[in-house]
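Peer 1: return atomic coordinates for the entry below.
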Amino acid sequence: MGKPPFEKVVSAHGAVVLRVCRAVLGAHDAEDAWSETFLSALKAYPELPDDATVQAWLVTIAHRKAIDILRARQRQALPMDELPPRESPLGIPGEGHPEVLDAVGQLPPKQRQAVAYHYLAGLPYKDVSALLGVTPDAARRAGADGVKALRAALIQPRSAASQGADR
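Peer 2: Below you'll find the predicted structure:
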């Protein structure tokens, strides 16, 4: 049957790749990583086997682009003035819930990546472990620890606020 045209691949998987990039890098660098991911994927797409899992392949590329951006960020001077974050016209992830994105951004890198790749991209922990260079059990543990930390960060403030309202 063959592979679909690359434009259809971008349409089908673009939102997932952007969610992963945002979760790993934050909103500021996510669009650059998304663009770099699809530029690299376009070059390699003709050699991609017909039976390959395209979403996992794209998330792998996005992971590598995110690492490149994180490394480049460490070598750059920090700007003095911050620009306000630009909202994506796609509203990804969690439009109207910036506290979730902030909480994900506070996770340690392995936990943040495991949560992004497993819960946002839908990759099985076997594939997440390959991306992170750890065992599947370690990837599963990082994902579970990340979700536990997110629950604690997001539920604790609400519980305290509701208890204060009861008084």
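Peer 1: how close does the residue sitting nearest the centre point of the chain sit to T37?
Peer 2: By CA atoms, centre = their mean, the chain has its centre lying nearest to V20, at 2.1 Å. As for V20, its distance to T37 is 9 Å (criterion: CB to CB, to the nearest Å). Bear in mind the C-beta positions are built from the backbone N, C-alpha and C, glycine included.
Peer 1: so what sits against both of these two?
Peer 2: Taking CB atoms under 8 Å, 6 or more residues apart in numbering as the criterion, V20 and T37 both touch A62.
Peer 1: quick one: what helix or strand has the residue nearest to the centre of the chain in it?
Peer 2: Per DSSP states H and E: V20 is located in helix 6-25.
Peer 1: so which elements touch that helix?
Peer 2: Helices and strands touching helix 6-25, by 3 or more CB pairs under 8 Å, 6 or more residues apart in numbering; DSSP states H and E, are helix 27-44, helix 54-75, helix 98-105, helix 109-115.
Peer 1: any low-confidence regions in the protein?
Peer 2: Within the chain, the segments meeting pLDDT under 70 span 1, 77-80, 83-84, 86-97, 157-167.
Peer 1: repeat the analysis, applying 50 as the threshold.
Peer 2: Counting by pLDDT under 50, the chain has low-confidence residues at 94, 167.
Peer 1: sec struct for the residue lying closest to K3 once chain neighbours are set aside, please.
Peer 2: Nearest residue to K3, sequence neighbours excluded (CB to CB, 6 or more residues apart in numbering): D50, at 5.8 Å. Of the three states, D50 takes coil under DSSP: H, G, I helix; E, B strand; the rest coil.
Peer 1: I figured G26 hits L107, correct?
Peer 2: No - using CB atoms under 8 Å, G26 is not in contact with L107; the gap is 11.8 Å.
Peer 1: if you count surrounding residues, which of these two has more?
Peer 2: Taking other CB atoms under 10 Å, G26 and L107 do not tie; L107 has more neighbours (21 against 15).
Peer 1: the more buried one and Y119 touch, don't they?
Peer 2: No - the pair L107 / Y119 is not scored as a contact, 11.8 Å apart, by CB under 8 Å.
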